[in-house]
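No letters, just coordinates:
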Ligand SMILES: Nc1ncnc2c1ncn2[C@@H]1O[C@H](COP(=O)(O)OP(=O)(O)OP(=O)(O)O)[C@@H](O)[C@H]1O
Ligand SMILES: O=C(O)C(=O)C[C@H](O)[C@H](O)CO
């Protein structure tokens, strides 16, 4: 049984490439879905990982099964729904950064229900990881996530939660209420500064850390190119970002989460795990797509000079 279970929605990704001289452009096919990205990031660092969710009985679903098999992510707790598709999304880029366009309404993952939750696998895991997206995609998926959290808490399995706020999926007030209710039951909160500002109105990393520490004992605040802040109620450390040749930050936060959880499972203290994750996430921005550029341990250690 996997040590780390990641729960949510996998989605096939089409990532806009720079236009050629004639103005035409291609879209690079890849894989996404924040918690699937995190699962792969953790597996690439050597963790034992499984995925919880649903895919359609379609080409994109097949492609995920092949991907997870290649990456060593256990898919035995992924349901296949013959009546609903696997979601897809586009990534477009402009001067303001990257933008998502989703085609996911009614997807297999959105139809996931509380009764689908794999209780025995959660009880046997060491960490359950979910996100705001896992809960935003539908009411049934939201309830399923809360059921999984309740099972994990009852069984003493640590819960990790990435805010991953997507305001096109749900209204801000509901997102804040659900995300903060979930984080109050979690052991590790992984907000980004951008999400936290939208969720709380706070803009200062220390003030954001104080806010989330009232809900959860360990907060790792992802601050984009500026790095991260790792905070417990006793101590905090700011870790500067690495200067890398960033081309696409899609999934950087997911790579961070997966690497952080892998190192936590390996026994690192939070600051050490965050230093590692900060380097892994920086490297993940140096190629297009959410999954392809996620580094393995050797490259991460290389950037850390270790
Ligand atoms: N331009 C960059 N240069 C170096 N590191 C970066 C850069 N952008 C992001 N990172 C690394 O990735 C981590 C996560 O990025 P960010 O704070 O944007 O998270 P996020 O908003 O959760 O990402 P996502 O777009 O995946 O949701 C940062 O904490 C940092 O370690
Ligand atoms: O919207 C989603 O479910 C995604 O996860 C799309 C991307 O893979 C993800 O947002 C990158 O962080």
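Received it, and whenever you're ready, just let me know what you need. In this text, all values refer to a predicted model and were calculated from it rather than measured experimentally. Ligands and ions are numbered 1, 2, ... in the order given.

how many neighbours does the spatially closest residue to residue 270 that is not a sequence neighbour have?
Using C-beta to C-beta, 6 or more residues apart in numbering and skipping residues adjacent in sequence, the residue nearest residue 270 is residue 230, 5.2 Å away. C-beta here means a position set from N, CA and C on the backbone, and glycine is covered the same way. For residue 230, the neighbour count with other C-beta atoms under 10 Å is 25.

Going forward, count from 332.
Happy to do that; since the first residue is 332 now, the last one works out to residue 561.

If I look at residue 561, what pLDDT would I see?
Looking at residue 561, its pLDDT stands at 98.

Repeat that for residue 621.
So, for residue 621, pLDDT stands at 89.

same thing with residue 431?
89.

Next up, identify which helix or strand it is on.
Counting by DSSP states H and E, the element that carries residue 431 is strand 428-434.

Mind jotting down where the strands sit in the chain?
For the chain, the strands defined by DSSP state E cover 335-339, 342-347, 358-363, 380-387, 404-405, 409-412, 418-425, 428-434, 458-462, 489-493, 519-521, 549-553, 559-563, 567-570.

Parallel or antiparallel, list what pairs with the second one.
Right, the one you point to is strand 342-347. strand 358-363 (antiparallel), strand 418-425 (parallel) (DSSP bridges).

ok, the first one near ligand 1 or not?
When you say that, I think you mean strand 358-363. No. Residues of strand 358-363 contacting ligand 1 under C-beta under 6 Å from any ligand atom: none, with a closest distance of 9.6 Å.

per-residue confidence averaged over that strand?
94.

buried set for that strand?
Neighbour-count burial for strand 358-363, with 16 or more other C-beta atoms under 10 Å as criterion, is recorded at 361-363.

Export the residues you listed as a markdown table, with columns for distance to residue 375.
Rendered in a markdown table, the data for those read as follows (distance: C-beta to C-beta, whole Å):
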| residue | distance to residue 375 |
| --- | --- |
| 361 | 15 |
| 362 | 13 |
| 363 | 16 |
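
Near ligand 2, which residues of the protein are found?
Counting by C-beta under 6 Å from any ligand atom, the chain sits next to ligand 2 at 340, 342, 363-365, 368, 420, 431, 464, 497, 581-582, 584-585, 621.

which sections of this protein are below the confidence cut-off?
Counting by pLDDT under 70, the chain contains no low-confidence residues.

can you list the residues of it near ligand 1?
495, 523, 525, 553-556, 558-559, 572-573, 575, 577, 580, 582-585, 587, 609, 612-613, 616.

roughly how far apart are the residue in the stretch 382-531 of the chain that ligand 1 sits nearest to and residue 433?
Of all residues in the stretch 382-531 of the chain, residue 523 sits closest to ligand 1, at 3.3 Å by C-beta to the nearest ligand atom. Remark: distance between residue 523 and residue 433 (C-beta to C-beta, to the nearest Å) = 19 Å.

now residue 457
In terms of C-beta to C-beta, residue 457 sits 31 Å off from residue 433.

do the same with residue 637
Taking C-beta to C-beta, one finds residue 637 at 38 Å from residue 433.

Which residues are in contact with whichever residue of the stretch 332-481 of the chain sits closest to ligand 2?
Nearest residue of the stretch 332-481 of the chain to ligand 2, counting by C-beta to the nearest ligand atom: residue 363, 2.8 Å away. The contact partners of residue 363, by C-beta atoms under 8 Å, 6 or more residues apart in numbering, come to 341-344, 420, 422, 581-582, 620-622.
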